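Need the 3D shape of this:
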Amino acid sequence: MERPRPLLTFFSFIFFFLPCLSCPEYQKQALLQFKSSILAITSSLNYSDQLPAWNSSSNCCGWIEVECRGIPRVVIALYLTNLFSGLSPQPQVESTILAPLFHIRSLEALDFSGNNIQGEIPGVGFANLSNLVLLDMSVNNFKGSIPPQLFRLPYLRELYLVGNTLNGKLFPDDEETEKYVLSSTSNLQELSLFGNKFSDHMLLPILCLKGLEILDLSQNDLSMEIPTEIGNYLPNISILALSNNRLTGRIPPSMRRLSKLEFLFLQNNLLTGEIPSWLFDFRGLEDLYVGGNRLTWNNSVNVEIAPNPSLRGLSLKSCGLVGEIPKWISNQTGLIFLDLSKNNLRGELPEWFAEISLEILILSDNEFTGSLSPRLFFALGSDVLVLSRNNFSGELPINIGSATCLQVLTLRENNFSGPIPQSLVRNDCLQFLDLSRNRFSGHFPVFNPEGGLAYIDFSFNDFVGEVPTTFPIGTRFLALGGNNLSGGLPFNLTNLSNLERLELQDNNLTGELPNFLSRITTLEVLNLRNNSFQGSIPQSIFNLRSLRILDVSNNNLTGEIPQESHSLFGMIETPNLPSSIIEKDYLAHTTEWFRQVAQVPLEFRNLEVNWKKSKQGISTDKLNIYTLLDLSNNQLSGQIPTSLGALKALKLLNISSNKLYGKIPTSFGDLEVIETLDLSHNKLSGSIPTSLTKLQQLTIIDVSNNELMGPIPDGGQMGTMVLDPNYFANNSGLCGIQIRVSCPGEQPTSPIKIEEDDHKKPWLLWESVWIGYPIGLLLAIGIMFSIGYFTLPPPSNR
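Take a look at the predicted model:
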């Protein structure tokens, strides 16, 4: 028998079998062309190659973003997510970048979410990918309609288009696609269109997709009623998410036929009527979110409902619950999310809360009373506890820090008192702590410098002593205003290298404004209003590049306003970006279905400022568009620096009630978006510059109680807005139509002209008589001759 030939076998493996383990050459070239397009887009940017292994000498089936299968090997899946992460700003990527991928017809899964691709979805190209089972195009910038070709892909089961700007119809003028879907041959099971701009005509055609098991249309522009027959069209639905729209009407009774329903999200719409008790009859229901509507809870009928103890998430926010918390909730031992906020619930917190492993508990805006039981924190595994705006009282339990998973604690606007337990501020998981507007007292606790707290609000309590020197180094929001703090600002504040908002207003702080504040380069808001600071304003504060709001009003500051303000970039060009105090203004509580989250609002306290002659609150989500500089009610002297006119992003400039003199800078005409300009109660002289007529958004200008002279400019906005004469009062010699004082050399004002015209009327009447009489006589004689009234004698014949 002939012996085996290992060498021949080896070479046979090399030449015949190994090529079968590599992806086809044309598929590799398509992928390399795709990468080449990415590099071309980012050639001028500081781009870190996200596909470093993609090159012509390697096997594309070995690339981490590529999945292959079969012999010979073919590409069946591409995971091309967030390819431009880290770039700011994100490049504009056209949908044509996808063209090379449409040649890989063996694809079964394609995920290119999070790439800022814009334009319409290329339906013709996707028609080539007839084997697709999963397609994820979420978090891009696609617009227009969903192309009909996607619904004609025979094997497509999962389609995710979350976070785009899509709108329009589902089957735009495409009868073939509509017939295909209506024939029930579509295999689509999961459709997520969360966070787009779809409107009413979108929902009805979707009911034709009878194989759907998951449907998410949350956060769109739906303003219709929920279709009355929805329960008859979607028999297989297990997850139905229609939250954060403007849906109206009642919850249709047909929905009780959705026997496979596990997750129902209807929160934050305009739904009306009673909450039907049959919603609690679904055997497999795990999440029920109907809060934030205009629904009402029938306290007399629904008091006896007994849902299966399988609920994991329940939202009955603003549903008209009255009295104590319904007893049946205590039987939901698997509950991890509970939102009963904005109702009329009262009484003390029941002890059975300690027996439920709640992760998120929201009871704000009710009428609860009593103190918090220590037992609650021995057993509570909460991530979030929100009890704001109730009538709780007493001291906090010393074991409150035993809830080791606690990330968010909000107790604002209650009647809690006493000291802050040390166990609370030593909790390393805590990120958001709001104890404002209570009656806490004593000295501040000692924070863990290595803790995770980013948001600390202890404002408007009764704390005493100096400003604490130990805060977590990651603190971004620190509000200690409205207490009884004394002393100066501690140097340790410079350790807070991430601090963005510092509020110490309405205390008894003294000393000079320290130069070291300029070391906190991340500061965006600095509020030191209504203290007893002395000395001058350091030039270094005007070097804070990110500072957008500076309020040092109502102190005893002296000296001149810093001459140079060109480094205040936050007041020159304000980017329309949200603050990064916490990346989102809510915590995303993830359910079993990872695509749907329940939003837990984090209430950032409004910033109180003197705005347009009254104290107003600017919400945190709008701070990114407001910039202001308030130096009023101090003892500042000298002339107004012309460099203030370079702060083109200022909405409000208030330097009133100081000892400033000299002229109003003409550069103030460059304050393009200024709305309020208050220069009153100083010693300013000269005239009001005509450059102020360029200020198109100006609504209030107050120059009263100065030494100004000359005409008030009357052009542009100065001539159209309603001006209060009091805003020009008590000056040396201002004049103009705004205050009804004529300027020297001007034409008399309209009331005077009217009197002069009345005086001239008799002269005009006699003048008309003398002119009209001879003209009328001649006309009368002419008419008589024409009708033969006068006859001339015939000439004599001599």
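
From one end of stretch 113-122 to the other, what's the distance?
15 Å (Cα to Cα, to the nearest Å).

Can you give me the buried ones in that stretch?
S113, G114, N115, N116, I117, G119, I121, P122 (16 or more other Cβ atoms under 10 Å). In this view, the C-beta of every residue, glycine as well, is placed from N, C-alpha and C.

For the second one, list the residues it contacts.
Yep, that's G114 we're talking about. Shown in contact with G114 (Cβ atoms under 8 Å, 6 or more residues apart in numbering): T81, N82, S85, S138, V139, N140.

Widest-spaced pair of those residues?
Using Cβ to Cβ, the contacts of G114 span at most 14.5 Å, a distance reached by S85 and S138.

More neighbours: which of the two?
Neighbours per residue (other Cβ atoms under 10 Å) separate S85 from S138, with S138 holding more: 21 against 11.

least trustworthy position among the contacts of G114, going by pLDDT?
Checking pLDDT across those, the minimum falls on S85 at 83.

Just the element for it, please.
Of the helices and strands defined by DSSP states H and E, none includes S85.

contacting residues for it?
Counting by Cβ under 8 Å, 6+ apart, S85 makes contact with Q50, G114.

ok, now how distant is it from N115?
Look at S85 and N115: by Cβ to Cβ, to the nearest Å, they are 9 Å apart.

With F84 instead?
Per Cβ to Cβ, F84 is found 6 Å from N115.

What of L98?
Distance, L98 to N115, using Cβ to Cβ: 10 Å.

Which ones among the buried residues of stretch 113-122 lie within strands?
Here DSSP state E is the test, and the buried residues of stretch 113-122 give I117, G119 as lying in strands.

TSV please, covering the buried residues of stretch 113-122 and showing pLDDT and distance to K260.
Below are the buried residues of stretch 113-122 laid out as TSV (pLDDT from 0 to 100; distance: Cβ to Cβ, whole Å):
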residue	pLDDT	distance to K260
S113	96	28
G114	94	31
N115	94	34
N116	93	37
I117	95	35
G119	94	37
I121	95	30
P122	96	35
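
Which member of the buried residues of stretch 113-122 is positioned nearest L288?
For those, the minimum distance to L288 (Cβ to Cβ) is 28.7 Å, reached by S113.

wait, what's in contact with the nearest residue to the closest one once chain neighbours are set aside?
Counting by Cβ to Cβ, 6 or more residues apart in numbering, S113 lies nearest to S138, which is 4.1 Å off, once chain neighbours are set aside. Shown in contact with S138 (Cβ under 8 Å, 6+ apart): S113, G114, Y160, L161, V162, G163, N164, S192.

quick one: which two of those residues are the most distant?
Every pair of those checked by Cβ to Cβ; the farthest is G114 and S192, at 14.6 Å.

which residues touch H103?
Applying Cβ under 8 Å, 6+ apart, the residues contacting H103 are Y26, Q27, A30, N128.

Including neighbour count, secondary structure and pLDDT, could these go into a markdown table?
Below are the contacts of H103 laid out as a markdown table (neighbours: other Cβ atoms under 10 Å; DSSP: H, G, I helix; E, B strand; the rest coil; pLDDT from 0 to 100):
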| residue | neighbour count | secondary structure | pLDDT |
| --- | --- | --- | --- |
| Y26 | 9 | helix | 95 |
| Q27 | 24 | helix | 96 |
| A30 | 19 | helix | 96 |
| N128 | 15 | coil | 96 |
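
and of those residues, the nearest to L504?
For the contacts of H103, with L504 as the reference and Cβ to Cβ as the criterion, the closest is A30, at 60.1 Å.

I226: which of the contacts of S138 is nearest?
Proximity of the contacts of S138 to I226 (Cβ to Cβ) peaks at S192, which lies at 18.2 Å.

That closest one contacts G163, doesn't it?
No: counting by Cβ atoms under 8 Å, S192 does not reach G163; the two are 9.8 Å apart.

more crowded one of these two?
S192 (24 against 20).

what's near enough to touch the more buried one?
S138, L159, Y160, L161, V162, I214, L215, D216, R595.

Over to the second one. Which of the three states is it?
Recorded secondary structure, L159: strand (DSSP: H, G, I helix; E, B strand; the rest coil).

right, and it touches L188 too?
Yes: here L159 reaches L188: they are 6.3 Å apart, a contact under Cβ under 8 Å.
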